[in-house]
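A.B. asks: fold the following.
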Amino acid sequence: MGTVELRVAKARLPDTARDVVRVHRKHRNGIGRHDVAKLSANGYSCYVSVLGAEDENVIEMDLDTRLDLGVMFDQTYEFSLARAGKLGQFRWYLDSNSPAVWIPAWLALWSVILGAMGAVFGLVSLVLVLLD
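C.D. replies: Below is the predicted model:
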């Protein structure tokens, strides 16, 4: 995946503090709306959810994402965007700046862990009973 030179614009108000960037479809390399992608610039990278933008030469991002990437508003940088794998998607959910994303993700993770522990304890108990 190559890089593309884009000017940094401020995020739209609904996208603020949600780890969302807006990039024109031409620069998304087949990454769909709301897909999680790894965005890189200036030697830094972060995971973001991707939406579309009208302007082909602009990438819209909030302050948190600009700080993560070390980029400044209204400056032009080289960006690369690559589809995140399952681990990258998982990281995005757990590390998101939005409590509406990370709280349910952490609750789901702990529910799976506790459910697996309950199943293991249940099986151990069953084996112990059968051995008696």
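
A.B. asks: please make it C-alpha for all contacts and neighbour counts, starting now.
C.D. replies: Will do.

A.B. asks: and the most centrally placed residue in the chain, backbone torsions?
C.D. replies: Centroid-nearest residue in the chain: Trp92, 3.2 Å away (criterion: C-alpha atoms, centre = their mean). Per-residue torsions, Trp92: phi -60, psi -40 (degrees, to the nearest 10).

A.B. asks: I figured it hits Lys38, correct?
C.D. replies: No - at 9.4 Å, Trp92 does not count as touching Lys38 under the criterion of C-alpha atoms under 8 Å.

A.B. asks: which residues do these two both contact?
C.D. replies: Residues touching both Trp92 and Lys38 by C-alpha atoms under 8 Å, 6 or more residues apart in numbering: Tyr47, Val48.

A.B. asks: for stretch 12-30, buried residues please.
C.D. replies: With burial defined by 16 or more other C-alpha atoms under 10 Å, the residues of stretch 12-30 counted as buried are 15-25, 27-28.

A.B. asks: could you give the average pLDDT over it?
C.D. replies: Stretch 12-30 comes out with an average pLDDT of 92.

A.B. asks: and the contacts of that stretch?
C.D. replies: The contact list for stretch 12-30 (C-alpha under 8 Å, 6+ apart) reads 4, 11, 47-65, 81-82, 96-98.

A.B. asks: and it, how far apart are its ends?
C.D. replies: 23 Å (C-alpha to C-alpha, to the nearest Å).
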